[in-house]
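> for reference, the sequence and a predicted model appear below.
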Amino acid sequence: MEHWNSSVGRGFILVGILNDSGSPELLCATITALYMLALASNGLLLLVITMDVRLHVPMYLLLGQLSLMDLLFTSVVTPKALVDYLRRENSISFGGCALQMFLALTLGGAEDLLLAFMAYDRYVAICHPLNYMIFMRPRVCWFMVATSWILASLSALGYTVYTMNYPFCKFQIRHLLCEIPPLLKLACEDTSRYELMVYVMGVSFLIPPLIAILASYSLILFTVLHMPSTEGRKKALVTCSSHLTVVGMFYGAATFMYVLPSSFHSPKQDNIISVFYTIVTPALNPLIYSLRNKEVMGALRRVLGKHMWPTHSTV
């Protein structure tokens, strides 16, 4: 109880990658640029999907949710990291650390499930196009979205409460944000059982969606290769390759952080990976989708044209 009260009162010190970098000014400028890009690209994609009625279909509903998750995820971490570096103040309260962990785990877990639902959406669209609006009717889409958020938030709440109940003897977190692996290194008690549970639960949470994604795209690939239309085959492959690129980035980082044993990666490597999945990936996801998607680019031109040149809207 003494350790618990001490940790509540003192909070923690976040020693992120900006503090360990050899050229922190350059890295700070790069992270700022990537964060601005993430805000602009995800915000613009959300705006286009919301305002263009032609994009009010299941695929873009799910894509909009992905942009929302990326926008929130990077905003949970990046602004504080940049402000702390500029102010030379790296502290975070106990409650702030718990909240940051809960939000990061919720958004990461929700994206994990959403990517599987997006793979199913592409499978139905390509393999069962005539029944697409039956299998992916609005009620089903919103059920997918709600399931992603609810299951992820419940899982994150359990992880956060359990992790923050450990007594902490050290208060310097060598990481960009409050996450389970770096926090457990500060605990006074043996955490091996809990680390094993985190590993098992991490595998259980990551592997089923990944299997669903791989199964969906295996069936998609089989169907695409038997398409008579070269144009249809090309369009399907471009759409699916965009999704698989996002999946590869997300699951690669998540596997490194939560599936590989801590002995296989150093705190410095964890810091680099944390920048990748909290800042780089959210900035690239909308660009990967939108720049290779004619429908999104067409909707962007229509939305911008309607608001920049309103007098031409009736022509």
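Good, I have the coordinates. Numbers count the residues shown, from 1 in each chain.
> how about residue 13, phi and psi?
Dihedral angles of residue 13 (phi, psi; degrees, to the nearest 10) stand at phi -120, psi 120.
> quick one, what contacts it?
90, 91, 92, 171, 172, 173 (CB atoms under 8 Å, 6 or more residues apart in numbering). Placement of C-beta: from N, CA and C, glycine included.
> isn't residue 182 up against residue 172?
No - Residue 182 lies out of contact with residue 172 (CB atoms under 8 Å); the separation is 9.7 Å.
> which of these two has more neighbours?
residue 182 (23 against 13; other CB atoms under 10 Å).
> so the more buried one is in which element?
In this assignment (DSSP states H and E), residue 182 forms part of helix 180-184.
> report pLDDT for residue 79.
Note for residue 79: predicted pLDDT of 93.
> repeat for residue 113
For residue 113, pLDDT reads 93.
> show me the contacts for it.
Contacts of residue 113 by CB under 8 Å, 6+ apart are 147, 148, 151, 152, 209.
> which of these count as buried?
Listed as buried from the contacts of residue 113 are 148, 151, 152, 209; burial here means 16 or more other CB atoms under 10 Å.
> ok, the first one - contacts?
Pointing back at residue 148 there. Residue 148 touches 65, 109, 110, 111, 113, 114, 117, counting by CB under 8 Å, 6+ apart.
> leaving aside the residues adjacent along the chain, what's closest to residue 39?
residue 71 (6.9 Å; CB to CB, 6 or more residues apart in numbering).
> that older thread, from the contacts of residue 113, which land in helices?
Residues of the contacts of residue 113 located in helices (DSSP state H): 147, 148, 151, 152, 209.
> which one of those residues sits closest to residue 79?
Residue 79 lies nearest to residue 152 out of the ones in helices among the contacts of residue 113, by CB to CB, at 22.0 Å.
> the closest residue to that closest one other than its chain neighbours sits in which helix or strand?
Spatial nearest neighbour of residue 152, chain neighbours left out: residue 109 (3.2 Å); criterion: CB to CB, 6+ apart. If you go by DSSP H and E, residue 109 is part of helix 94-127.
> could I get the buried residue list for that helix?
Within helix 94-127, judged by 16+ other CB under 10 Å, the buried ones are 94, 97-98, 100-127.
> now do stretch 146-164
Buried-residue list, stretch 146-164, by 16+ other CB under 10 Å: 148, 149, 151, 152, 153, 155, 156, 159, 160, 163, 164.
> need those residues in TSV (columns: pLDDT and distance to residue 138).
Shown next, in TSV, are the buried residues of stretch 146-164 (pLDDT from 0 to 100; distance: CB to CB, whole Å):
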residue	pLDDT	distance to residue 138
148	95	16
149	97	17
151	94	20
152	95	22
153	96	22
155	93	26
156	94	27
159	93	32
160	94	32
163	92	37
164	92	38
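> farthest-separated two in those?
Longest span within the buried residues of stretch 146-164, CB to CB: 148 and 164, 24.0 Å.
> how far away is the closest residue to residue 135 other than its chain neighbours from residue 232?
What sits nearest to residue 135 in space, not counting adjacent residues and going by CB to CB, 6+ apart, is residue 124, at 4.7 Å. As judged by CB to CB, to the nearest Å, residue 124 and residue 232 stand 16 Å apart.
> how about residue 14?
50 Å.
> of the two, who's got more company?
Between residue 14 and residue 232, counting by other CB under 10 Å, residue 14 is the more crowded of the two (25 against 13).
> what's the per-residue pLDDT of residue 171 here?
Reported pLDDT for residue 171: 87.
> same question, the one 5 residues further on
The score at residue 176 is 85. That number is its pLDDT.
> thought it was touching residue 273?
No - using CB under 8 Å, residue 176 is not in contact with residue 273; the gap is 9.4 Å.
> how about residue 172, phi and psi?
Per degrees, to the nearest 10, the backbone of residue 172 is at phi -100, psi 110.
> can you check residue 253 too?
Per-residue torsions, residue 253: phi -70, psi -40 (degrees, to the nearest 10).
> ok, so what distance separates it from residue 72?
In terms of CB to CB, residue 253 sits 17 Å off from residue 72.
> with residue 57 instead?
Distance of residue 57 to residue 72, given as CB to CB: 23 Å.
> pLDDT below threshold where in the stretch 151-300 of the chain?
Where the stretch 151-300 of the chain drops to pLDDT under 70, the residues are 261-265, 291-292.
> can you show me the helices along it?
Assigned by DSSP state H, counting those that start in this stretch, the stretch 151-300 of the chain shows helices spanning 180-184, 192-225, 230-258, 267-275, 281-290, 294-308.
> point out the most buried one among those helices.
Of all the helices of the stretch 151-300 of the chain, helix 281-290 has the most neighbours on average by mean count of other CB atoms under 10 Å, namely a mean of 22.
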